[in-house]
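[1] attaching a predicted model along with its sequence, questions to come.
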Amino acid sequence: MAVGQARTTRSRRNQRRSHDKVRKPTLSIDRETGETHRRHHITADGYYRGRQVIAQAAVDADEE
């Protein structure tokens, strides 16, 4: 015969849910362009950590 699982306490339930909250994204300002972008992501014009990592022509082609 099946045995029911132990009841989850309010404390354990709330500890599990504590990681589900919505946080504001961490933003940085690019040194070259001054543009705001998400940390560890390239900017819209292809710069990362002050260097251009994607050519501007490739960025324009992706937008179309």
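    Received, thanks. Numbering: from 1, shown residues only.

[2] helix/strand/coil for Ser11?
    What DSSP: H, G, I helix; E, B strand; the rest coil gives for Ser11 is helix.

[3] again with the one 3 residues further on
    Under three-state DSSP, the three-state class of Asn14 is helix.

[4] can you check Asp45 too?
    coil.

[5] contact partners for it?
    Applying CB atoms under 8 Å, 6 or more residues apart in numbering, one finds that Asp45 lies in contact with 33, 35, 52, 56, 59. (C-beta placed from N, C-alpha, C; glycine too.)

[6] swap in 10 Å and give it another go.
    Contact analysis of Asp45 by CB atoms under 10 Å, 6 or more residues apart in numbering lists 30, 32-33, 35, 37, 52, 54, 56, 59-60.

[7] and it, how far from Ser28?
    The gap separating Asp45 from Ser28 is 15 Å, by CB to CB, to the nearest Å.

[8] kindly report the same for Gln56.
    21 Å.

[9] ok, those two, which is more surrounded?
    Ser28 (14 against 10; other CB atoms under 10 Å).

[10] and for the residue nearest to the more buried one when sequence neighbours are not counted, the neighbour number?
    Using CB to CB, 6 or more residues apart in numbering and skipping residues adjacent in sequence, the residue nearest Ser28 is Arg39, 5.0 Å away. Using other CB under 10 Å, Arg39 has 8 other residues around it.

[11] state whether Arg39 and Asp30 are indeed in contact, as I suppose.
    No - between Arg39 and Asp30 there is no contact under CB atoms under 10 Å: 11.1 Å.

[12] this protein: helices as residue ranges?
    10-17, 56-63 (DSSP state H).

[13] which of these comes out lowest on mean pLDDT?
    Averaged per stretch, pLDDT over the helices of the chain is lowest on helix 56-63, reaching a mean of 66.

[14] wait, what's in contact with the residue nearest the centre of the chain?
    What sits nearest the mean C-alpha location of the chain, by CA atoms, centre = their mean, is Pro25, with 6.2 Å. Contacts here follow CB under 10 Å, 6+ apart; on that basis Pro25 touches 37-39, 41.
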